[in-house]
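A.B. asks: Take a look and give me a structure for this.
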Amino acid sequence: MNTQSKIKVWDPVVRLFHWGLVSAFFIAYVTEEDFLSLHTWAGYTVLGLVLFRLVWGFIGTRYARFSSFVFSLAEIKKFLSETLLLRAKRYLGHNPAGGAMIILLLISLIMTTFTGIAIYGVEENAGPLAAWLGNAGHFWEEVFEETHEFFANFTLLLVFIHVAGVAVESLIHRENLVRSMWNGYKRAES
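C.D. replies: A predicted model of the protein is given here:
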């Protein structure tokens, strides 16, 4: 990429959000009940980052805005089928599959964090929902725990799919997408 022209695609906010979310989710996932305080703070960090990203999706830079990467279902299907044939179009910002993945991850992370906060309220009588859920009982504790575990594991599955997609796109377009998420730059030309 040293002889080719580059373009700034990922602003520092997007990059900090991305790697901060990776770190906070990993910490929350591996700590679980063994280190409840650390798990809880990592979960709050995930929620804060996700809420911030929702705002940044409307007011952020060009490639950070939802309007640049929310595609129709038909466009997503077309992109995926062309990817399977190894001839997918290159996008400077998120491609249709990447945009769909962001939306799925945001939804799954919201569900994970909300149910985590609910469990914290029911089991520990602590956190922002404690006043409403502190005496909710065993039934609701189980519902929130099962839902929380499902969405945490579903998020992890989405992460693996996301990483695989990044690897495939990097190979198809001969471009290191991980590096571009570190430094913010991609090749300018297709």
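
A.B. asks: Buried residues of the longest helix along the chain, list them for me.
C.D. replies: Ranked by residue count, the top helix of the chain under DSSP state H comes out as helix 138-172. The neighbour-count criterion (16 or more other Cβ atoms under 10 Å) identifies 141, 144-145, 147-148, 151-152, 154-155, 158-159, 162, 165-166, 168-169, 172 as the buried residues of helix 138-172. The way it works is simple: take the backbone N, C-alpha and C, and place the C-beta from them, glycine included.

A.B. asks: ok, now stretch 123-136?
C.D. replies: For stretch 123-136, a neighbour-count test (16+ other Cβ under 10 Å) marks Glu123, Gly127, Leu129, Ala130, Leu133, Ala136 as buried.

A.B. asks: Among those, find the lowest-pLDDT one for me.
C.D. replies: For the buried residues of stretch 123-136, the weakest pLDDT value sits at Ala136, with 84.

A.B. asks: That residue touches Ile119, doesn't it?
C.D. replies: No: between Ala136 and Ile119 there is no contact under Cβ atoms under 8 Å: 10.1 Å.

A.B. asks: hmm, back to that, can I get the helix or strand just after the longest helix of the chain as PDB, trimmed to CA atoms?
C.D. replies: Once the chain leaves helix 138-172, the next helix or strand it forms, by DSSP states H and E, is helix 177-183. The C-alpha trace of helix 177-183 is given here as PDB (Å, rounded to 0.1, in the frame of the first residue of the first chain):
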ATOM      1  CA  LEU A 177      -8.800  -4.800   6.700                       C
ATOM      2  CA  VAL A 178      -7.600  -5.300  10.200                       C
ATOM      3  CA  ARG A 179      -4.700  -2.900   9.600                       C
ATOM      4  CA  SER A 180      -7.200  -0.400   8.200                       C
ATOM      5  CA  MET A 181      -9.200  -0.600  11.400                       C
ATOM      6  CA  TRP A 182      -6.000   0.200  13.300                       C
ATOM      7  CA  ASN A 183      -4.700   3.100  11.200                       C
END
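
A.B. asks: outside of helix 177-183, which residues touch it?
C.D. replies: With Cβ atoms under 8 Å, 6 or more residues apart in numbering as the contact definition, helix 177-183 has outside contacts at Val9, Trp10, Arg15, His18, Trp19, Val166, Glu169, Ser170, Lys186.

A.B. asks: In a markdown table: the residues you listed, plus distance to Gly99 and pLDDT.
C.D. replies: Formatted as a markdown table, the contacts of helix 177-183 follow (distance: Cβ to Cβ, whole Å; pLDDT from 0 to 100):
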| residue | distance to Gly99 | pLDDT |
| --- | --- | --- |
| Val9 | 14 | 95 |
| Trp10 | 14 | 95 |
| Arg15 | 17 | 97 |
| His18 | 14 | 97 |
| Trp19 | 19 | 97 |
| Val166 | 13 | 96 |
| Glu169 | 13 | 94 |
| Ser170 | 17 | 94 |
| Lys186 | 16 | 94 |
